[in-house]
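pasted the sequence and its predicted model underneath.
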Amino acid sequence: MPELPEVETVANGVNERVRGQRIVRVWTSGKPQTFKSPESEIAEVLTGATIEGVRRVGKSIVMDLGRGKKKQDLRSAQDDNFHGQFLVHLGMTGRLLVTPAEVPMAAHTHAVLSLADGREVRFVDPRRFGRLSVVTDEGGYAGPGVEPTTVGVEEFSGLFKGRKIAIKAALLNQSILHGVGNIYADESLFRAGIRPTKPAGKLTKAELAKLHKALQQVLAKAIKLGGSSVSDYVDAAGVKGFFQLEHKVYGRAGEVCKDCATALKKIVVGGRTTVYCPRCQK
DNA sequence: AGGTTGACCTGGACGC
DNA sequence: TGCGTCCAGGTCAACC
């Protein structure tokens, strides 16, 4: 489910709760497709590491890991330049929760990180589209594309130059811009007054500027409201977001436009359900 | 090479 | 109540 605002909400919530904690034990479920890195490697990188912080990169949650120096430890030399990150991609139904160890394990729990203070970080994912991995490269994980919340209008506009794909499909392509998903693609296109099927390369300079502004406003407001809770999304504390109340088109197929009362249209673009207003979006 | 489609999973909603 | 069908916030491999 989760797109940029939901992933950011979860990452911030987990960060507040576990920053500075040490991971003492790791359990994984053994469901092969959940693990992008071998489970043994995940356990090795995480066990004994201290959580330096948790943040969002694209649609991934990145946990930065450190290793305290131990003078007697033969590995201390390499631990000094230890670069470890734990990456959590929530897929459609993934949840990352921080709970006391005594809370019963939910069905479809695929990983549990036991913390030194007795709490646990748990990854739960019924549909198993989520992915867990570790990165130990010095540079760390930068994500597949450009960060939409901070990109300037010039760079943003340049991303779509010469592209024949529909602007909606381009917004969803994570190697172009990372973090935008189906909800915020539709919502930002509505607010910019742009038809989702318009070829990305054919947008005028003015349209690109409008879209850039609309996207950043929509994302900022959604982050402020804790994301959109459609069906089962909750943050690290199990709390729902409120941006779904602001949706103008997403999930409103069959209803009328809130601005002009024209019937909204439902089509498929880039393989995804797309809702738009045929009058407001040219 | 860029663009499009289907496969991957489970569960909830809805119709009969 | 129960069964079948459809749909879902995301990727990615395999095709055209």
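Here it is on my side, so go on. Numbering: from 1, shown residues only, chains lettered A, B, ... in the order given.

residues from the stretch 101-250 of chain A in reach of DNA strand C?
Residues of the stretch 101-250 of chain A lying close to DNA strand C (CB under 7 Å from any atom of the strand) are A:127, A:129, A:131, A:144, A:172, A:174, A:181-183, A:227-233, A:241. C-beta: built from backbone N, CA, C; applies to glycine.

and those residues, which of them are in helices?
Among those, the members falling in helices are A:172, A:182, A:183 (criterion: DSSP state H).

just to revisit the earlier point, I'd like to know which of the residues of the stretch 101-250 of chain A next to DNA strand C are buried.
A:131, A:144, A:172, A:174, A:181-183, A:227-230, A:233, A:241 (16 or more other CB atoms under 10 Å).

determine which two of these are furthest apart.
Among these, the pair separated by the greatest distance (CB to CB) is A:144 and A:229, at 26.0 Å.

so which of the residues of the stretch 101-250 of chain A next to DNA strand C belong to strands?
Counting by DSSP state E, the part of these found in strands is residue A:131.

surely residue A:265 meets residue A:276?
Yes. Contact criterion CB atoms under 8 Å: residue A:265 and residue A:276 qualify, at 5.8 Å.

which of these two has more neighbours?
Neighbours per residue (other CB atoms under 10 Å) separate residue A:265 from residue A:276, with residue A:276 holding more: 24 against 18.

and that one, backbone torsions?
phi -150, psi 170 (degrees, to the nearest 10).

all helices of the stretch 1-150 of chain A, in order?
Here the stretch 1-150 of chain A has its helices, by DSSP state H, counting those that start in this stretch, at A:4-18, A:39-46, A:76-80.

which residues are in contact with residue A:222?
By CB atoms under 8 Å, 6 or more residues apart in numbering, the contact list for residue A:222 reads A:4, A:5, A:184, A:228, A:241, A:243, A:246.

a strand runs through it, doesn't it?
No. Per DSSP: H, G, I helix; E, B strand; the rest coil, residue A:222 lies outside any strand segment and is helix.

now do it against residue A:238, distance only.
19 Å (CB to CB, to the nearest Å).

which residues are in contact with the residue in the stretch 151-282 of chain A that DNA strand C sits nearest to?
Residue of the stretch 151-282 of chain A nearest DNA strand C, by CB to the nearest atom of the strand: residue A:181 (1.9 Å). Each residue near residue A:181 by CB under 8 Å, 6+ apart is listed here: A:2, A:3, A:4, A:59, A:172.

ok, and the closest non-adjacent residue to the second one?
Read it as residue A:3. residue A:181 (3.4 Å; CB to CB, 6 or more residues apart in numbering).

need the phi and psi values for that neighbour.
Dihedral angles (degrees, to the nearest 10) for residue A:181: phi -120, psi -160.

now the strands for the stretch 51-200 of chain A?
Along the stretch 51-200 of chain A, the segments classed as strands by DSSP state E, counting those that start in this stretch run A:60-66, A:84-89, A:95-100, A:109-115, A:119-124, A:131-135.
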